[in-house]
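A.B. asks: need coordinates for the below:
(chains A and B)
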Amino acid sequence: MTMTASRKAGLTSERRSGRPGRLRRPAGLPWILPAMIVSVGLLYYCIVYTGYISTLDWDGASPLQRPVGADNFARMLGDTVFWRALGNTAAFFVVTLVVQVALGILLACLLHSRLYLKTFHKVLIFVPVVLATATTAPVFREMYAPDGTVNGVLHAVGLGDLAQPWLANGTSALIIVMSVQIWQSTGVVFVLYYAAIGQIDTEVLEAARLDGAANWRIIRSIVWPGVRGTTIAIAILTAIGSLKTFDIPFLVTGGGPSYATEFLGTMIYRVSITFSQAGYGAAISVVLLLLAVGTAIIIRVSSTRKENTDV
Amino acid sequence: MKFPAIRLRRTAVAAVAGAAILAVTLTGCGAGQAASNDGGSATKGTINWWSWTPTNDVAAGEIAAFNKEYPNIKVIYKKVPIENYAASLKPALASNDGPDVYTVYNSGAYSAEVFAPYATDLTSNVKKMLGSDWKSKVYDGGVKAFTVDGRLVAAQYAKAGAGMMWINQGLFDKYNLKPPTTLDEWVNVCKTFRANGLGCFREGVASSGFATDTLHSIVDSFKPGVWADVVSGKSKWSNPTVAESLEMLRTLSKDGILDEGAVGLQQYPDVNNDFLVGKVPMIQMGTWYQQNASLPTLTAALEGAGVPADTPKITLMPMPFPDVAGKGNPATLFADVDAGNSVNAKSKKLNAATTFAVWLGHSKAGQQAVTNSLDSLATLNGITPQWDKIQLVNPELQRPALEKVTADLNTATESRAFGISAEVSQAIIDACQAMLTSDKSGADVAKDIQAAAETAKK
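C.D. replies: All right, here's what the predicted structure looks like:
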């Protein structure tokens, strides 16, 4: 009876699909189709429209639009601020990734060990994630102002010689922007690692302990390889996040001094809004998109190759 | 049980329906078609006014004055931070729900020219109020800045000047100091202030163009007229006077006049707050800053700065920019139309919006309200602040000084910002930052400004 029914169902399915042996269509398609068309359609419409604008000389408001072909892209190649923004993005990506991963994995390991007030510590680590940059940026500006908290503390502990206008120095301003990002995002990295470490077989960890492995050896040889997939995901998210960085430099340093904290996001805003060069801004946006997609693919492909080599 | 089986035809119908929804959505979002309307009543309705200036309390005073004549027009004021103004205004005006009235500036990112496509022509309305010779009754700089392709796209209502400095008179008195008039005097005054744990001349060179005013003042100290020539294109930014003025900016920093960390500071809120609470004795701001001589405005500003209510109220006084070049050239003031109100051509309350915009800028009562706030000077000729009605912090000292500023400004011949594009404005900020953070020579930095100006022209 069952066999007959399933054969009938199979036949029906084959007839409907028109191709023998083909699987049924997913059942939820009609439900998600309208939303998918609107969301994907809007997204790709915006991308295509941005691509179109990137070929124009247009102020973003005027009815006059002059087609200029690839001129905006050619201009980008000779724009020193663009290359500086790209360099800042690369440095920002490397530093924030390394520090966040190190802090995230360390905190996750600590909170998987015996510790008092675990929940309190978890909340403490995660709180910066939920704070809006617009709220915290003035605090950082006050902290690093010439007569702000940091210099006040340095004077108070007898290290007044180290006091300086932190946001007026290009290097220290970039480090401050990075530190704000790390402070704000480590909570997410910690949560991801905390969950990933929870998936590692405890018997393996116990066996390592019985074999006399110390904490550092366990982290290096068991935990680190065990959370490899999470690290790759964090690397991709950090790379894309670095390319999209806008709010922290915009609100804390304004991209300065002398473009020392300029990123592609702040540059797009300045070019498109302040200078009313919507075409050039769109061209930088297109490059940003290509870089984000390209970086994600490169990280993913290289990690897959590494996995295959390891196997 | 039929549900999971999908017919291709049904999918196609769903896809077409979805595409139709998308098309309607996109058309609705992007079209920006003007809704057909007659503009409504000219004396009744609720209108929205967006601007970066004036402050909320000043705007409330101006609206209250307007409502004495037009009680049935409710004006809702939205103050948008200046850094985000252009970014907020563009999408709002592109939609059908933008502000009815929006303020524009004489140049740069939120100039009348940039937003002219969205504005209605106010020429006939202004003519109706002031007569056919209306141009002779208002500030000609405003007419020039707000006329785009023969259309008056904004009703000017506020004029501002710059070039002077503002000092905290209490701090000067406390240390028995006189306002400096030369570079050497300035150095000595700053030494005294610093020895007493205070800053001296503080300026935010991080973003907006206040450093441009300082550079302009220095150029005028070396050779009056060069700045105007450079802006008009008669001379180049690589002019030797500009180069030596840039070097002077570096000298101000090296000689301990300009406070450390200027390139990391913003004029608002950093420098403004530090001055109002008495941390620094001198800053360079324009005529709009005289509003802080008014006790109610200063009280509100201190509240905004987040300091205790019992913080002593400073007596701020104007001071001419010192003769830093030592050539004996008198300090100059430069003036511009600071703000004008455009009326959104798509406004459903176009007539009420026009009533407000034209009233504020071209009626005696409107202009009196504007100038009595001390935030701006009137653009309608013959209107000056009614000092008897203004509560100053220190009237005996401040009133004659502020009256002189108003009088001096009427003789100003140079523009403050008109004619300077957003790109050149940015290049000047970059140049000032470069002088304060690098070893580049003034000549090389001046060439960079010229290069930016030439790129912008293309």
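A.B. asks: all contacts plus neighbour counts: C-alpha atoms, from now on.
C.D. replies: OK.
A.B. asks: low-confidence stretches in the stretch 351-458 of chain B?
C.D. replies: Low-confidence segments of the stretch 351-458 of chain B (pLDDT under 70): B:458.
A.B. asks: name the residues of it found near chain A, please.
C.D. replies: Neighbours of chain A within the stretch 351-458 of chain B, by C-alpha under 8 Å from any C-alpha of the partner chain: B:422, B:423, B:430, B:433, B:434, B:437.
A.B. asks: tell me the most packed of the residues you listed, by neighbour count.
C.D. replies: Each of those was scored for neighbours by other C-alpha atoms under 10 Å in any protein chain shown, and residue B:433 scores highest at 26 neighbours.
A.B. asks: and the one helix or strand it maps to, what does it pack against?
C.D. replies: Element membership for residue B:433 (DSSP states H and E) is helix B:422-437. When contacts are defined as 3 or more C-alpha pairs under 8 Å, 6 or more residues apart in numbering or on different chains; DSSP states H and E, helix B:422-437 sits against helix B:210-222, helix B:240-254, helix B:442-457.
A.B. asks: CA atoms only: put the last one into PDB for me.
C.D. replies: Listed in PDB are the C-alpha atoms of helix B:442-457, where the atom choice follows Å, rounded to 0.1, in the frame of the first residue of the first chain:
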ATOM      1  CA  GLY B 442      53.400  77.900   2.500                       C
ATOM      2  CA  ALA B 443      54.100  78.300  -1.200                       C
ATOM      3  CA  ASP B 444      53.600  74.600  -1.800                       C
ATOM      4  CA  VAL B 445      50.400  74.500   0.200                       C
ATOM      5  CA  ALA B 446      49.100  77.600  -1.600                       C
ATOM      6  CA  LYS B 447      49.800  75.800  -4.900                       C
ATOM      7  CA  ASP B 448      47.600  72.900  -3.600                       C
ATOM      8  CA  ILE B 449      44.700  75.200  -3.100                       C
ATOM      9  CA  GLN B 450      45.200  76.600  -6.600                       C
ATOM     10  CA  ALA B 451      45.200  73.000  -8.000                       C
ATOM     11  CA  ALA B 452      42.000  72.200  -6.200                       C
ATOM     12  CA  ALA B 453      40.400  75.400  -7.500                       C
ATOM     13  CA  GLU B 454      41.400  74.500 -11.100                       C
ATOM     14  CA  THR B 455      40.000  71.000 -10.700                       C
ATOM     15  CA  ALA B 456      36.800  72.300  -9.300                       C
ATOM     16  CA  LYS B 457      36.400  74.600 -12.300                       C
END
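A.B. asks: and it, how far out from the chain middle?
C.D. replies: Relative to its chain's centre, helix B:442-457 lies at 24 Å (C-alpha atoms, centre = their mean, to the nearest Å).
A.B. asks: which elements pack onto it?
C.D. replies: helix B:240-254, helix B:422-437.
A.B. asks: buried sites along that helix?
C.D. replies: For helix B:442-457, burial by neighbour count (16 or more other C-alpha atoms under 10 Å in any protein chain shown) applies to B:442, B:443, B:445, B:446, B:447, B:448, B:449, B:450, B:451, B:452, B:453.
A.B. asks: any weak-confidence spans in the stretch 201-311 of chain A?
C.D. replies: A:306-311.
A.B. asks: how does it look with 50?
C.D. replies: For the stretch 201-311 of chain A, no stretch has pLDDT under 50.
A.B. asks: for chain B, what is the nearest residue in it?
C.D. replies: In the stretch 201-311 of chain A, the residue found nearest to chain B is residue A:274; the distance is 4.9 Å by C-alpha to the nearest C-alpha.
A.B. asks: residue contacts, that residue?
C.D. replies: Residue A:274 is in contact with B:86, B:108, B:109, B:422, counting by C-alpha atoms under 8 Å, 6 or more residues apart in numbering or on different chains.
A.B. asks: can I get those residues in JSON lines including distance to residue B:130 and secondary structure?
C.D. replies: Output for the contacts of residue A:274, formatted as JSON lines (distance: C-alpha to C-alpha, whole Å; DSSP: H, G, I helix; E, B strand; the rest coil):
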{"residue": "B:86", "distance to residue B:130": "31", "secondary structure": "helix"}
{"residue": "B:108", "distance to residue B:130": "29", "secondary structure": "coil"}
{"residue": "B:109", "distance to residue B:130": "30", "secondary structure": "coil"}
{"residue": "B:422", "distance to residue B:130": "33", "secondary structure": "helix"}
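A.B. asks: domain ranges for chain B, per the record?
C.D. replies: Per automatic domain parsing, the domain ranges recorded for chain B read B:18-160+B:339-383, B:164-332+B:401-457.
A.B. asks: next secondary structure after the helix or strand that contains residue A:217?
C.D. replies: In this assignment (DSSP H and E), residue A:217 forms part of helix A:215-218. Per DSSP H and E, helix A:215-218 leads on to helix A:224-226 as the next helix or strand towards the C-terminus.
A.B. asks: tell me the buried residues in the very next helix or strand once past that following helix?
C.D. replies: Next along the chain after helix A:224-226, taking DSSP H and E as the criterion, comes helix A:228-243. For helix A:228-243, a neighbour-count test (16+ other C-alpha under 10 Å) marks A:229-236, A:238-240, A:242-243 as buried.
A.B. asks: ends of stretch B:47-65, how far apart?
C.D. replies: For stretch B:47-65, the separation between the terminal residues is 16 Å (C-alpha to C-alpha, to the nearest Å).
A.B. asks: ranges for the helices of the stretch 201-350 of chain B?
C.D. replies: Along the stretch 201-350 of chain B, counting by DSSP state H, counting those that start in this stretch, helices occupy B:210-222, B:226-232, B:240-254, B:272-276, B:295-304, B:350-362.
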